[in-house]
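>>> 3D, please:
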Amino acid sequence: MAQPYGQLSGRQRALTMGVVMLAMFLATLSQMSLATAMPVIVADLGGFDRYTWAATSYLVAATVAIPIAGRLADIHGRRIFFVLGLSIFIAASVPAGLSQTMTQLIAFRALQGIGGGIIMSNSAVAVADLYAPEERGKYVGLLGLVYAVAAVAGPVLAGVITDSASWNWIFLINVPLGIPVLLLLMRYFPRIAPAAGNRGLDYPGIVTLTLAVVAVMGALSLAGERYAWASPQVAGLLAFGLAMSAAFVAIESRSACPIMPLEIYRNRVVAAAVAVTFLTCFGLYGTILFTPLFFQGVQGTSATGSGAFLTPIMLGMVAGSVVSGQLLSRTGARYRLQAVVNTGLMTAGVYLLSTMDQETGYLQAIGYIVIMGLGMGGTLATLGVAVQNSVPFALVGIATSTLHFFRLVSGAAGLAVLGGVLTTRFSARFDQTVPGNVGGVLSAGELDAIKDNPRVLLDPSATEGLRAAFAEAGADGGRLADTFLAALNAALGGAMGDVFTVTAAVVGLAVAAALLMRANPR
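Numbers count the residues shown, from 1 in each chain. Now for the predicted structure:
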């Protein structure tokens, strides 16, 4: 069949791409807004013990939706699922904004995640529908730009809305913003005929994939936070998830209409791209989470100031995505070279982060962060284009969705593993560095509480409370407090260095995986 981009005028493609970018911006903006508003939401609804689940439920639902939506879009066409995904996202925003309990919010965020997953999956695939292989690089770069701008703007917008109105409006605002985008989508997104092929659906595959994702990501979210890694709850969920994963692979290998065709993994480019995606996103999510902790806990930056250090990551990703996209379009698509260079940049950036300490200057730190962001943005853009150009058009949707699927799964795995590294290494360094003569001021229980949660480095009121406790110890209390806080700071800084070192080692493996790609998959 004729490729769809050959049937569309330049104006049609430009209008459609503009609407796709708006939909992606809206979904990303909402996803990135939640963290800023969560303290206020918990204060209103309660449920501190489920603090992360409003975000986790969205992530789990999106992860399940991405491969299923990719397969369905390959069968029935992209337009109907783009409209469906945005409709679900807008509709779910209303009850999410009107939630009266944390349980309600978690449930409606999961529904939002289904819509958001469909939007994100089809946004990337739309590039293959609209543009020829030699043009795709620059438009994938533009999607990276949209994602990064929304990621930076989301927390700021959420802060303004929460302070000036109420947290409810970070969800409700999706309705007046989303309906015009939905109407534009229905007006301008073309009715592109899907590729010919088997139009059946693998229902056993859908069930086992859903159970596997929910179990594994649920275990990763609970591990180290509410339960120990070796607890029956976490171990049981992981065992069940692995069993369902094995069942899913067995079903897919025999299915006439698989959700995630195993044949795509026999494609050398796809297999290498999946490996690189898993390894780099393992590091990306952890770096985004732990970088503010370093600046706030080790360098004493305010919460607002520490969050601002995420902006260079996003700006670096924008630049890396756009530059790599342009190079892919203009230089004959040297996929392997770009993948190796970009993963090398990311590895170097994360390694440099591991060398930071209390004396590292802000400009120096920003330089390290930008290097990491440049590599990450370039990597994601390169992999997306390489995969789309390496598979038949009938498999473009599921191949692209597969990358998004592993991006989210690896992000969850990275957060869980690196969180465990931080906890373990901080505890060990705490025991090594904290002076033994504080036992007369702080009880063993108080020391254990600080070891579990060093909030005295993050909360000024807790710091003052600690100093007051030491002041009661006599004239030497002030000096002893300074010594204790310096030791605590050194323990956290060392543990953060360990986290970034492990991250750099994992991301470094992505360089080797990138070498397995063919230079040009077309």
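>>> pLDDT weak spots in the stretch 201-350 of the chain?
Counting by pLDDT under 70, the stretch 201-350 of the chain has low-confidence residues at 224-225, 302-307, 331-333.
>>> Let me see the ranges of the helices in it.
203-222, 232-254, 268-297, 303-308, 310-330, 335-354 (DSSP state H, counting those that start in this stretch).
>>> Pull the last one out as CSV, backbone CA atoms only.
Taking C-alpha atoms only, helix 335-354 is exported to CSV below (Å, rounded to 0.1, in the frame of the first residue of the first chain):
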residue,chain,number,x,y,z
TYR,A,335,22.0,5.9,13.8
ARG,A,336,24.7,3.9,15.5
LEU,A,337,27.2,6.8,15.6
GLN,A,338,24.6,9.1,17.1
ALA,A,339,23.4,6.5,19.6
VAL,A,340,27.0,5.9,20.8
VAL,A,341,27.9,9.6,21.0
ASN,A,342,24.7,10.4,22.9
THR,A,343,24.8,7.6,25.4
GLY,A,344,28.5,8.4,25.9
LEU,A,345,27.5,12.0,26.7
MET,A,346,24.9,10.9,29.2
THR,A,347,27.3,8.5,30.9
ALA,A,348,29.9,11.3,31.2
GLY,A,349,27.3,13.7,32.6
VAL,A,350,26.0,11.3,35.2
TYR,A,351,29.6,10.3,36.2
LEU,A,352,30.4,14.0,36.7
LEU,A,353,27.4,14.3,38.9
SER,A,354,28.9,11.5,41.1
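>>> Same question for the following helix or strand past that helix: list its buried residues.
Per DSSP states H and E, the first helix or strand lying C-terminal to helix 335-354 is helix 362-388. Of the residues in helix 362-388, those scored as buried under the neighbour-count criterion (16 or more other C-beta atoms under 10 Å) are 365-366, 368-388. To be clear about C-beta, it is placed using only N, CA and C from the backbone, and glycine gets the same treatment.
>>> Could you pull up the mean pLDDT of helix 362-388?
When pLDDT is averaged along helix 362-388, the result is 89.
>>> Okay, angle between the very next helix or strand once past it and helix 203-222 too, please.
Using DSSP H and E, the helix or strand that follows helix 362-388 in sequence is helix 396-433. Per axes from the mean of the first three to the mean of the last three C-alpha atoms, to 10 degrees, the angle that helix 396-433 makes with helix 203-222 is 20 degrees.
>>> Could you export the helix or strand just after helix 396-433 as CSV, CA atoms only?
The element immediately downstream of helix 396-433 (helix or strand, assigned by DSSP H and E) is helix 444-452. Taking only C-alpha atoms (Å, rounded to 0.1, in the frame of the first residue of the first chain), the coordinates of helix 444-452 have been written out as CSV:
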residue,chain,number,x,y,z
ALA,A,444,19.3,5.7,70.0
GLY,A,445,15.8,5.9,68.7
GLU,A,446,16.3,9.5,67.7
LEU,A,447,19.5,8.6,65.8
ASP,A,448,17.7,5.7,64.1
ALA,A,449,14.9,8.1,63.0
ILE,A,450,17.5,10.5,61.5
LYS,A,451,19.2,7.6,59.8
ASP,A,452,15.8,6.6,58.2
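>>> For helix 444-452, name the packing helices and strands.
With contacts defined as 3 or more C-beta pairs under 8 Å, 6 or more residues apart in numbering; DSSP states H and E, the secondary structure elements packing on helix 444-452 are helix 396-433.
>>> For the helix it packs on, buried residues please.
Buried-residue list, helix 396-433, by 16+ other C-beta under 10 Å: 396-419, 421-423, 425-426, 429-430, 433.
>>> pLDDT on it, on average?
Mean pLDDT, computed over helix 396-433, is 82.
>>> just stretch 74-81 next, same as before
The pLDDT scores in stretch 74-81 average 81.
>>> got it, and stretch 515-522?
Per-residue pLDDT values over stretch 515-522 give a mean of 69.
>>> Repeat that for stretch 500-511.
The average of the pLDDT scores along stretch 500-511 is 94.
>>> buried residues in it?
Residues of stretch 500-511 classed as buried by neighbour count (16+ other C-beta under 10 Å): 500-504, 506-511.
>>> Pick the one among these closest to Val269.
Minimum distance to Val269 across the buried residues of stretch 500-511 is 14.8 Å, recorded for Ala510 (C-beta to C-beta).
>>> does that closest one really touch Ala275, like I thought?
Yes - in terms of C-beta atoms under 8 Å, Ala510 counts as a neighbour of Ala275; the distance is 7.4 Å.
>>> Using the record's domain definitions, break the protein down for me.
Residue ranges for the structural domains of the chain, counted by automatic domain parsing, are given in the record as 1-192, 202-258, 263-522.
>>> And the helices in the stretch 1-150 of the chain?
Under DSSP H, counting those that start in this stretch, the stretch 1-150 of the chain gives helices at 10-45, 53-76, 78-97, 102-130, 136-164.
>>> Make CSV from these and add mean neighbour count and distance to Gln358 to it.
Compiled in CSV, these are given as follows (neighbours: other C-beta atoms under 10 Å; distance: least, C-beta to C-beta, whole Å):
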stretch, mean neighbour count, distance to Gln358
helix 10-45, 20, 26
helix 53-76, 24, 30
helix 78-97, 21, 41
helix 102-130, 25, 37
helix 136-164, 21, 26
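>>> ranking the ones you listed by mean pLDDT, which is last?
Across these, helix 136-164 has the smallest mean pLDDT, namely a mean of 77.
>>> elements contacting it?
Using 3+ C-beta pairs under 8 Å, 6+ apart as the contact test, the elements touching helix 136-164 are helix 10-45, helix 102-130, helix 169-172, helix 310-330, helix 362-388.
>>> Counting by contacts, list what the second one packs against.
Judged by 3+ C-beta pairs under 8 Å, 6+ apart, the packing partners of helix 102-130 are helix 10-45, helix 53-76, helix 78-97, helix 136-164, helix 362-388, helix 396-433.
>>> so how far is the fourth one off the chain centroid?
By that I understand helix 136-164. Between the mean C-alpha location of helix 136-164 and the chain-wide mean there is a distance of 13 Å, by C-alpha atoms, centre = their mean, to the nearest Å.
>>> what do you get for the second one?
Centroid displacement of helix 53-76 relative to its chain, using C-alpha atoms, centre = their mean, is 14 Å.
>>> how about the CA coordinates for it, as CSV?
Coordinates of each C-alpha in helix 53-76 appear next as CSV, following Å, rounded to 0.1, in the frame of the first residue of the first chain:
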residue,chain,number,x,y,z
TRP,A,53,0.2,6.2,44.5
ALA,A,54,-1.5,9.1,42.7
ALA,A,55,1.5,9.2,40.4
THR,A,56,2.1,5.5,40.4
SER,A,57,-1.5,4.6,39.4
TYR,A,58,-1.1,6.9,36.4
LEU,A,59,2.2,5.4,35.5
VAL,A,60,1.0,1.8,35.8
ALA,A,61,-2.1,2.5,33.7
ALA,A,62,-0.1,4.3,31.0
THR,A,63,2.4,1.5,30.8
VAL,A,64,-0.4,-1.1,30.3
ALA,A,65,-2.2,1.2,27.7
ILE,A,66,0.8,1.9,25.6
PRO,A,67,1.5,-1.4,23.9
ILE,A,68,-2.3,-2.3,23.6
ALA,A,69,-3.1,1.1,22.1
GLY,A,70,-0.1,0.8,19.7
ARG,A,71,-1.4,-2.6,18.5
LEU,A,72,-5.0,-1.4,18.2
ALA,A,73,-3.9,1.7,16.3
ASP,A,74,-2.0,-0.4,13.8
ILE,A,75,-5.2,-2.4,13.2
HIS,A,76,-7.8,0.3,13.1
